[in-house]
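In: here's my sequence, what's the structure:
(2 chains)
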Protein chains: 2
Amino acid sequence: MGLKAIGEFGFIARIRRGCLVRPEGVILGIGDDAAAFRTDGRLVCLVTTDMLIERVHFLRAAMSGFDLGHKALAVNLSDIAAMGGTAREAFVSIAIPDDCTLAYLDALYDGMKALAERCAVNLLGGDTTRSLADLVINVTVTGQAPERELLRRDAARPGDVIFSTGCLGDSRAGLSLILKGLGPGGPEDEALLAAHRRPEPHLAEGRFLAAQPGVHAAIDVSDGLSSDLGHIVAASGTGARLEAERLPVSPALQAFTARLGIDTAEFALAGGEDYTLIVTADPARAGEIARGFREAFGRPLYAIGTITAAPGMTLVDLSGRSRPIRPTGWDHFKEDSHEG
Amino acid sequence: MGLKAIGEFGFIARIRRGCLVRPEGVILGIGDDAAAFRTDGRLVCLVTTDMLIERVHFLRAAMSGFDLGHKALAVNLSDIAAMGGTAREAFVSIAIPDDCTLAYLDALYDGMKALAERCAVNLLGGDTTRSLADLVINVTVTGQAPERELLRRDAARPGDVIFSTGCLGDSRAGLSLILKGLGPGGPEDEALLAAHRRPEPHLAEGRFLAAQPGVHAAIDVSDGLSSDLGHIVAASGTGARLEAERLPVSPALQAFTARLGIDTAEFALAGGEDYTLIVTADPARAGEIARGFREAFGRPLYAIGTITAAPGMTLVDLSGRSRPIRPTGWDHFKEDSHEG
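Out: Numbering: from 1, shown residues only, chains lettered A, B, ... in the order given. Modelled structure (predicted):
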């Protein structure tokens, strides 16, 4: 049996066995946005790590050093945001091929440091080495949160309102523009490209929501709404019903899908790399939470559906017709999981 | 100007600029064995990270999955040991090429978990992805230590006795046996191969020494004694004098160097990947520390020289002749730093 047969999640299931040799103090190990464990202080320590590989996650020719540095840190900060945590320290390992210029590397660290400064994150360490093939970046970020405010994946409850902290699908549309060589056709395309190139981690939003009574589960949208919400319902033992017309899509994405004649809701569902947060909340608190969010951030918290007791995820359209949602996320090892 | 011109340490110096955007609570950032920062608890949090790249750090054909997993974790645990810390949690990112078998990967995680269990370290998270070329493993380990017991690189003082917690050069000799295809010629070669393949992090030794009054600075021997002691004297603004006949060499290494007609002391100095600890200690306390070490571990703590006020490192032989020691460590980016 090979890796392709078991897939990424099958492989992770194998890794998980025997990992916890000292369970005391551990709150979350493998399987959430970040690990969480007690130290001897009042706050819980969070750790997350993500690796970006050339030709798998990015093409060096199609991505500036600055954007790559930004993104390598942003995807990790987004995981801390999805736990409701405050990001603290970053550690960067980099393997550098001979044809990578110092100018590209300087820009990469500039992009990382610009975001780190904005998020009050120190770059405290790392490793530098040579690579004989691809540029590889691994970033680890630590954070902290009060234990009772942690936003876990497995805490959704039937009846919960499902919220998104931002629009969905823009990043995927920006990637399509790059891959199809369509270039920016105007300011709307620029917005899509920016969403793909400089995703902004929703740290303040995550912290705000974690502190609200009644907020239960959260995840960040990295693989796509259908896939990431699928992680919440699987971990929580629930299902979900999403309303197609409530999926938040930007005017730029509407223009993009209209131009290409593709279904906007499908695009928002499959998306990926949006780095908005999906959170679930007690319906009795939902209105108050949404009002508070709008006051704090000057934009809406989008209610997109409901957590159900019955398993499975469905999408309901305006006429009340529903159809099942299949998680369409990325599996790095299965051949049939590549994007269309 | 390119990366080769500035070298690994020049590149790290560039990275360091602007890294500390929130200095409060940070004890050590880039430049020691691990970062150290205060959380809201009594103990200091330590974090270290190391990346291993196929064809740069290892050849898959020449290294079992088990040994690779062991080593990827061991090099990080050794960094925590060199801070005098207790290792706690590990996070493993892996990028897997298509031709890497599941059996190899299972063995890799088995090797990592066997060492983790022995050292009471949880594997709490990570990232799994595909690679189009080389197998890449990045491990991040957290640890903790009382702040006043941290073993920093910059704390050596003139007059300090320099100790090594184990023999030097065995791992490099084991690597030579592999690279030259000499195979194990007997039990002594087996010992050298084991030193290279399964280096044991000196965590208990580091913790013991950190708790002794009078122990000042420490580093682990990853690049080779001359290079790593060079980091201590550079950071501490001191020099060092080593005594050739006191460098601890195993019977196996003596047999190896005799067979190949090479200088044993030179080999022990240049070595690398020994993962013993080099510590410096107040001469008034040194005898007591060494006695306590022998009682605790049943083997000697080797006194190998003295920290000097004058800069530079020298090697003194039995007849009293001294010659300068040039750091011969590995620089991943400079062309002239490759091993001979």
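In: could you use CA atoms for every contact and neighbour count after this?
Out: Fine.
In: count the residues that sit near the closest residue in space to residue A:134 that isn't next to it in sequence.
Out: Leaving aside its sequence neighbours, residue A:134 sits nearest to residue A:54 (Cα to Cα, 6 or more residues apart in numbering or on different chains; 5.3 Å). Counted with other Cα atoms under 10 Å in any protein chain shown, the neighbours of residue A:54 add up to 16.
In: swap in residue A:197?
Out: For residue A:197, the count of nearby residues is 20 (other Cα under 10 Å).
In: what of residue A:17?
Out: Residue A:17: 12 surrounding residues under other Cα under 10 Å.
In: and it, backbone torsions?
Out: Main-chain torsions, residue A:17, degrees, to the nearest 10: phi -60, psi 130.
In: and it, how far is that from chain B?
Out: From residue A:17 across to chain B, the span is 9 Å (Cα to the nearest Cα, to the nearest Å).
In: where does that residue land on pLDDT?
Out: Note for residue A:17: predicted pLDDT of 82.
In: and what of residue A:62?
Out: Looking at residue A:62, its pLDDT stands at 89.
In: distance check, it against chain B.
Out: 17 Å.
In: ranges for the strands of chain A?
Out: In chain A, the strands defined using DSSP state E lie at A:26-28, A:35-38, A:43-53, A:86-97, A:122-131, A:136-146, A:161-164, A:215-220, A:239-243, A:277-281, A:302-308, A:312-316, A:322-324.
In: just checking: what are the partner strands of the second one?
Out: Looking at strand A:35-38 with DSSP bridges, its paired strands and their directions are strand A:26-28 (antiparallel), strand A:43-53 (antiparallel).
In: residues contacting the residue nearest to residue A:134?
Out: Contact analysis of residue A:54 by Cα atoms under 8 Å, 6 or more residues apart in numbering or on different chains lists A:60, A:134-136.
In: which among those residues end up buried?
Out: By neighbour count, with 16 or more other Cα atoms under 10 Å in any protein chain shown, the contacts of residue A:54 hold A:134-136 as buried.
In: may I see those organised as JSON lines, with distance to residue B:44 and pLDDT added?
Out: Listed next are the buried ones among the contacts of residue A:54 as JSON lines, based on distance: Cα to Cα, whole Å; pLDDT from 0 to 100:
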{"residue": "A:134", "distance to residue B:44": "36", "pLDDT": "97"}
{"residue": "A:135", "distance to residue B:44": "33", "pLDDT": "97"}
{"residue": "A:136", "distance to residue B:44": "30", "pLDDT": "98"}
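In: any idea how far the residue in chain A sticking out farthest from the centre is from chain B?
Out: For chain A, the largest distance from the centre (Cα atoms, centre = their mean) belongs to residue A:98, which lies 31.4 Å off. Separation of residue A:98 from chain B (Cα to the nearest Cα): 8 Å.
In: thought that residue was touching residue A:132?
Out: Yes: between residue A:98 and residue A:132 there is a contact at 7.2 Å, judged by Cα atoms under 8 Å.
In: give the contact list for the residue of chain A found nearest chain B.
Out: Of all residues in chain A, residue A:41 sits closest to chain B, at 3.6 Å by Cα to the nearest Cα. Contact analysis of residue A:41 by Cα under 8 Å, 6+ apart lists B:39-42.
In: pick the one among those closest to residue A:31.
Out: Residue A:31 lies nearest to residue B:39 out of the contacts of residue A:41, by Cα to Cα, at 24.3 Å.
In: burial measure for the closest one, as a count.
Out: Residues near residue B:39, counting by other Cα under 10 Å, number 21.
In: can you report phi and psi for it?
Out: Phi and psi for residue B:39, reported as degrees, to the nearest 10, are phi -100, psi -150.
In: per-residue pLDDT, it?
Out: Here the pLDDT value assigned to residue B:39 is 83.
In: what's it in contact with, if anything?
Out: Residue B:39 neighbours (Cα under 8 Å, 6+ apart): A:41, B:25, B:45.
In: quick one: those residues as a markdown table, columns for distance to residue A:175 too.
Out: What follows is the contacts of residue B:39, written out as a markdown table (distance: Cα to Cα, whole Å):
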| residue | distance to residue A:175 |
| --- | --- |
| A:41 | 43 |
| B:25 | 40 |
| B:45 | 39 |
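In: for the record, mean pLDDT for stretch A:163-182?
Out: 92.
In: relative to the whole chain's centre, how far out is it?
Out: On the basis of Cα atoms, centre = their mean, to the nearest Å, stretch A:163-182 is displaced by 13 Å from the centre of the chain it belongs to.
In: and which of the contacts of residue B:39 is nearest residue A:281?
Out: For these, the nearest to residue A:281 is residue A:41 (28.3 Å; Cα to Cα).
In: dihedrals phi and psi, that closest one?
Out: Taking degrees, to the nearest 10 as the convention, residue A:41 sits at phi -100, psi -170.
In: separation between it and residue B:192?
Out: Using Cα to Cα, to the nearest Å, residue A:41 is found at 43 Å from residue B:192.
In: what of residue A:248?
Out: Relative to residue B:192, residue A:248 is positioned 62 Å away (Cα to Cα).
In: for stretch A:138-156, measure first residue to last.
Out: 31 Å.
In: and it, what's buried?
Out: For stretch A:138-156, the neighbour count (16+ other Cα under 10 Å) marks A:138-145, A:147, A:149-156 as buried.
In: go on, stretch A:255-264?
Out: By neighbour count with 16+ other Cα under 10 Å, stretch A:255-264 contains the buried residues A:256-257, A:264.
In: nearest residue to residue A:87 in space, please, no chain neighbours.
Out: residue A:143 (4.2 Å).
In: no, scratch that, I was asking about residue A:65
Out: Once flanking residues are discounted, residue A:65 sits nearest to residue A:108: 4.2 Å by Cα to Cα, 6+ apart.
In: count of neighbours near the nearest residue to residue A:273 once chain neighbours are set aside?
Out: Using Cα to Cα, 6+ apart and skipping residues adjacent in sequence, the residue nearest residue A:273 is residue A:222, 4.3 Å away. Residue A:222: 20 surrounding residues under other Cα under 10 Å.
In: ok now stretch A:269-280, how far from the chain's centre?
Out: 6 Å.
In: now do it, average pLDDT.
Out: For stretch A:269-280, mean pLDDT rounds to 95.
In: what does stretch A:220-236 give?
Out: Mean pLDDT, stretch A:220-236: 95.
In: residues in contact with it?
Out: The contact list for stretch A:220-236 (Cα under 8 Å, 6+ apart) reads A:33, A:75, A:78-79, A:81-82, A:153-157, A:168, A:217-219, A:239-240, A:268-278, A:307, A:311-313, A:325-330.
In: just the buried subset of the residues you listed, please.
Out: By 16+ other Cα under 10 Å, the contacts of stretch A:220-236 give A:33, A:75, A:78-79, A:81-82, A:153-157, A:168, A:217-219, A:239-240, A:268-278, A:307, A:312-313, A:325, A:327-330 as buried.
In: just the ones in helices from these, please.
Out: Mapping the buried ones among the contacts of stretch A:220-236 onto helices (DSSP state H) picks out A:75, A:78-79, A:81-82, A:268-270.
In: mind listing what's buried along the helix or strand bottoming out on mean pLDDT in chain A?
Out: Counting by mean pLDDT, DSSP states H and E, chain A has its least confident helix or strand at helix A:3-16, which shows a mean of 80. For helix A:3-16, the neighbour count (16+ other Cα under 10 Å) marks A:3-4, A:6-8, A:11-12, A:15-16 as buried.
In: no further queries at this time; thank you.
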